[in-house]
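1. A predicted structure for the sequence below; I have some questions about it.
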Amino acid sequence: MRNAILSVVAYFMLCFSALAQGQPRELKGGGHLLGETAEQFFSEGFVGDLQHACHEQDWKRVRQLSRSADEGSKPNAKDLCAKEKRARQQAISGERLEYKGTGDQDAMRSDTFTFEGSRLVRIHMVYLTPLANTAGRHHKSFTELFAGLQEAYGPPSKSYSEPVSNSYGVKYEAHRAIWMSKQDVISIVEHPGEDGQTEITAETLAEYDRDAQKRPVNPLQ
């Protein structure tokens, strides 16, 4: 069977590839692949470089890496390494862990990775969308992000909007969309307003079902 075309949505670091029709899609966010092992996660990319610097007790390198991820940070290198070591051990041992990634300062994006059973089961990305342009930043609007998802995955399985208002009573339309498969779920949620943001989540179906059990049930349904 011929390979399908690889589709990449570069500006929000979420990508998809279908190796063959009917095969599970690959979802990647923040440089990491949904379903990858904790061992792989903590040995590659920025996290892997940080782990290596900590192992070598190269405190200067640790501080350089930390500042490259957060310009204003001035961490204690030993404390940071101890924290990273604990996180790695917890994830590899199979315990549930939520790990804060470095994100992307230019895109005004933050990343959170969730591990369960020694695997990456959830990638959560939050894009800030300020009303005014921020010098040196390249933030992405809900419209741009939604268009990229739709180009890569086609029409969503479900999409809708709902009215919301801020503390001053200003009303907005908040948009939602979800793409479901037999293995995983992609969702996008808009939070409009002065401190607006857009959330994109890629997670395993099991993780999605786990979260669904926590959601309040409508007693009128």
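-> Perfect, thanks for sending it. Numbering: from 1, shown residues only.
2. From residue 66, how far off is residue 89?
-> According to C-beta to C-beta, to the nearest Å, residue 89 stands 20 Å off from residue 66. Where you see a C-beta, it was placed from the backbone N, CA and C, and this is true even at glycine.
3. With residue 44 instead?
-> 18 Å.
4. of the two, who's got more company?
-> residue 66 (19 against 15; other C-beta atoms under 10 Å).
5. doesn't residue 73 make contact with the more buried one?
-> Yes - contact criterion C-beta atoms under 8 Å: residue 66 and residue 73 qualify, at 5.3 Å.
6. Could you list the buried residues of the strand or helix carrying residue 211?
-> Element membership for residue 211, per DSSP states H and E: helix 205-212. Along helix 205-212, these residues count as buried under the neighbour rule (16 or more other C-beta atoms under 10 Å): 207, 208.
7. Also stretch 85-96?
-> Burial within stretch 85-96, assessed by neighbour count using 16+ other C-beta under 10 Å, is assigned to 87, 88, 91, 92.
8. Equivalent analysis for stretch 194-201, please.
-> By 16+ other C-beta under 10 Å, the buried positions in stretch 194-201 come out as 196, 197, 198, 199, 200, 201.
9. ok, residue 34 to residue 115 distance?
-> Residue 34 sits 11 Å away from residue 115, going by C-beta to C-beta.
10. mind listing the helices for the chain?
-> Taking DSSP state H as the criterion, the chain contains helices spanning 38-41, 45-55, 59-69, 77-93, 142-153, 205-212.
11. tell me the most buried of these?
-> With neighbours defined as mean count of other C-beta atoms under 10 Å, those peak in mean count at helix 38-41, which reaches a mean of 19.
12. Now flag whichever of the buried residues of stretch 194-201 is closest to residue 143.
-> Of all the buried residues of stretch 194-201, residue 198 has the smallest distance to residue 143: 9.4 Å, by C-beta to C-beta.
13. from what I can see the closest one touches residue 140, true?
-> Yes - counting by C-beta under 8 Å, residue 198 touches residue 140, with 7.3 Å between them.
14. Quickly list what's touching both of those two.
-> Both residue 198 and residue 140 are contacted by 127, 129, under the criterion C-beta atoms under 8 Å, 6 or more residues apart in numbering.
15. Am I right that residue 200 is in contact with residue 29?
-> Yes - contact criterion C-beta under 8 Å: residue 200 and residue 29 qualify, at 7.5 Å.
16. which residues of this structure score low on pLDDT?
-> For the chain, residues meeting the criterion pLDDT under 70 lie at 1-24, 71-72, 130-138, 167, 214-221.
17. What ranges does it have for its strands?
-> Shown for the chain, the strands assigned by DSSP state E span residues 7-9, 14-16, 28-29, 32-33, 97-100, 109-116, 119-128, 158-165, 171-180, 184-191, 197-204.
18. so how many other residues sit close to the spatially closest residue to residue 34 that is not a sequence neighbour?
-> Once flanking residues are discounted, residue 34 sits nearest to residue 27: 4.3 Å by C-beta to C-beta, 6 or more residues apart in numbering. Residue 27 has 25 neighbouring residues, counting by other C-beta under 10 Å.
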